[in-house]
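Asks: here is my input; please provide its structure:
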Amino acid sequence: MVQGTLEVLLVGAKGLENTDYLCNMDPYAVLKCRSQEQKSSVASGKGSDTEWNETFMFSVTHNATELIIKLMDSDSGTDDDFVGEATIPLEAIYTEGSIPPTVYNVVKDEEYCGEIKVGLTFTPEDDRGGLSEEDIGGWKQSS
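Replies: The predicted structure follows:
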(Lines give C-alpha, C1' and ligand atoms only; values in the text may rest on other atoms or scores of the structure.)
Protein backbone atom coordinates (compact mmCIF):
# COMPACT_ATOMS: atom_id res chain seq x y z
CA MET A 1 0.00 0.00 0.00
CA VAL A 2 1.38 3.37 -1.04
CA GLN A 3 1.36 5.98 1.67
CA GLY A 4 3.05 9.28 2.14
CA THR A 5 2.56 13.02 2.31
CA LEU A 6 0.38 15.07 0.02
CA GLU A 7 1.52 18.69 -0.16
CA VAL A 8 -1.15 21.06 -1.43
CA LEU A 9 -0.19 24.55 -2.62
CA LEU A 10 -3.31 26.72 -2.55
CA VAL A 11 -2.37 29.51 -4.97
CA GLY A 12 -5.56 31.52 -5.40
CA ALA A 13 -9.04 31.81 -6.88
CA LYS A 14 -10.56 33.87 -9.69
CA GLY A 15 -14.01 34.84 -10.86
CA LEU A 16 -15.78 33.70 -7.71
CA GLU A 17 -19.37 34.76 -7.26
CA ASN A 18 -19.42 37.52 -4.67
CA THR A 19 -21.77 36.50 -1.87
CA ASP A 20 -21.51 39.89 -0.10
CA TYR A 21 -23.72 42.41 -1.84
CA LEU A 22 -22.57 45.54 -0.05
CA CYS A 23 -18.81 44.94 0.02
CA ASN A 24 -16.10 42.55 -1.14
CA MET A 25 -16.31 39.07 0.29
CA ASP A 26 -13.66 37.61 2.61
CA PRO A 27 -12.95 34.18 1.11
CA TYR A 28 -11.19 31.25 2.74
CA ALA A 29 -10.78 27.62 1.77
CA VAL A 30 -11.47 24.41 3.68
CA LEU A 31 -9.35 21.55 2.30
CA LYS A 32 -10.52 18.02 2.97
CA CYS A 33 -8.79 14.73 2.17
CA ARG A 34 -10.71 11.76 3.59
CA SER A 35 -11.12 12.52 7.32
CA GLN A 36 -8.43 15.25 7.48
CA GLU A 37 -9.53 18.86 7.21
CA GLN A 38 -7.50 22.07 7.15
CA LYS A 39 -8.46 25.71 6.73
CA SER A 40 -6.67 28.55 4.94
CA SER A 41 -6.39 32.07 6.25
CA VAL A 42 -9.20 34.50 5.44
CA ALA A 43 -8.35 36.79 2.52
CA SER A 44 -10.07 39.81 4.07
CA GLY A 45 -11.74 42.10 1.55
CA LYS A 46 -10.08 40.40 -1.41
CA GLY A 47 -13.39 39.71 -3.14
CA SER A 48 -13.81 37.32 -6.04
CA ASP A 49 -10.12 37.33 -7.12
CA THR A 50 -7.89 36.28 -4.26
CA GLU A 51 -4.44 34.85 -3.58
CA TRP A 52 -3.37 32.73 -0.64
CA ASN A 53 -0.09 31.04 -1.64
CA GLU A 54 -0.40 28.73 1.38
CA THR A 55 0.83 25.14 1.71
CA PHE A 56 -1.01 22.34 3.49
CA MET A 57 0.22 18.81 4.32
CA PHE A 58 -1.93 15.68 4.47
CA SER A 59 -0.93 12.11 5.37
CA VAL A 60 -2.44 9.96 2.64
CA THR A 61 -2.64 6.41 1.32
CA HIS A 62 -3.45 5.42 -2.24
CA ASN A 63 -7.09 4.91 -1.29
CA ALA A 64 -7.45 8.69 -0.85
CA THR A 65 -8.94 9.34 -4.28
CA GLU A 66 -9.81 13.03 -4.14
CA LEU A 67 -9.12 16.35 -2.46
CA ILE A 68 -12.14 18.56 -1.90
CA ILE A 69 -11.64 22.29 -1.54
CA LYS A 70 -14.67 24.14 -0.25
CA LEU A 71 -14.61 27.93 -0.65
CA MET A 72 -16.38 29.97 2.00
CA ASP A 73 -17.01 33.67 2.65
CA SER A 74 -16.25 34.71 6.21
CA ASP A 75 -19.07 36.83 7.62
CA SER A 76 -18.88 38.37 11.07
CA GLY A 77 -22.08 38.08 13.05
CA THR A 78 -23.74 35.59 10.70
CA ASP A 79 -22.94 32.12 9.37
CA ASP A 80 -20.24 31.98 6.71
CA ASP A 81 -21.56 31.69 3.14
CA PHE A 82 -20.77 28.69 0.91
CA VAL A 83 -19.21 30.02 -2.30
CA GLY A 84 -18.53 26.74 -4.13
CA GLU A 85 -16.21 23.76 -4.18
CA ALA A 86 -13.65 22.03 -6.35
CA THR A 87 -13.02 18.28 -6.37
CA ILE A 88 -9.50 17.35 -7.41
CA PRO A 89 -8.83 13.72 -8.38
CA LEU A 90 -5.65 12.32 -6.82
CA GLU A 91 -4.98 9.21 -8.96
CA ALA A 92 -2.41 11.00 -11.18
CA ILE A 93 -0.41 12.40 -8.27
CA TYR A 94 0.56 8.91 -7.06
CA THR A 95 2.24 8.12 -10.39
CA GLU A 96 3.42 11.60 -11.43
CA GLY A 97 4.77 12.70 -8.03
CA SER A 98 3.85 16.33 -8.62
CA ILE A 99 1.38 18.40 -10.58
CA PRO A 100 2.28 22.07 -11.11
CA PRO A 101 -0.29 24.71 -10.15
CA THR A 102 -3.36 23.91 -12.24
CA VAL A 103 -6.73 25.63 -12.58
CA TYR A 104 -9.79 23.66 -11.44
CA ASN A 105 -13.45 24.66 -11.77
CA VAL A 106 -15.34 25.76 -8.69
CA VAL A 107 -18.98 24.65 -8.77
CA LYS A 108 -22.06 25.36 -6.71
CA ASP A 109 -25.30 23.45 -7.34
CA GLU A 110 -23.59 21.86 -10.37
CA GLU A 111 -22.97 25.28 -11.97
CA TYR A 112 -19.59 26.89 -12.69
CA CYS A 113 -18.93 29.78 -10.31
CA GLY A 114 -15.22 30.50 -10.65
CA GLU A 115 -11.86 28.75 -10.58
CA ILE A 116 -9.17 27.83 -8.12
CA LYS A 117 -5.46 27.28 -8.75
CA VAL A 118 -3.79 24.43 -6.85
CA GLY A 119 -0.43 22.62 -7.05
CA LEU A 120 0.10 19.10 -5.69
CA THR A 121 3.16 17.11 -4.64
CA PHE A 122 3.14 13.54 -3.32
CA THR A 123 6.14 12.22 -1.36
CA PRO A 124 5.94 8.46 -0.74
CA GLU A 125 6.94 7.28 2.71
CA ASP A 126 10.11 5.23 2.78
CA ASP A 127 9.46 1.57 3.72
CA ARG A 128 12.53 1.62 5.98
CA GLY A 129 10.83 3.97 8.40
CA GLY A 130 12.46 7.15 7.11
CA LEU A 131 16.08 6.06 7.55
CA SER A 132 18.62 7.19 4.99
CA GLU A 133 21.56 5.05 3.80
CA GLU A 134 23.84 6.94 6.17
CA ASP A 135 21.61 6.02 9.12
CA ILE A 136 21.89 2.29 8.45
CA GLY A 137 25.64 1.98 8.22
CA GLY A 138 26.41 2.73 4.59
CA TRP A 139 30.03 3.78 4.18
CA LYS A 140 30.92 7.30 3.16
CA GLN A 141 34.05 8.11 1.19
CA SER A 142 36.27 10.51 3.12
CA SER A 143 37.52 13.62 1.40
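Asks: pLDDT weak spots in this structure?
Replies: Applying pLDDT under 70 to the chain flags residues 1, 22, 127-143.
Asks: quick one, helices of it?
Replies: 91-96 (DSSP state H).
Asks: ranges for the strands of it?
Replies: With DSSP state E as the criterion, the chain has strands at 3-14, 27-33, 36-39, 50-61, 66-73, 81-89, 98-108, 111-124.
Asks: just these: most buried one?
Replies: strand 27-33 (a mean of 22; mean count of other C-beta atoms under 10 Å). No exception for glycine: its C-beta is placed from N, CA and C like everyone else's.
Asks: tilt between that strand and strand 111-124?
Replies: If you take axes from the mean of the first three to the mean of the last three C-alpha atoms, to 10 degrees, strand 27-33 sits at 50 degrees to strand 111-124.
Asks: so strand 27-33 versus strand 3-14, what angle?
Replies: Going by the same axes, to 10 degrees, strand 27-33 makes 160 degrees with strand 3-14.
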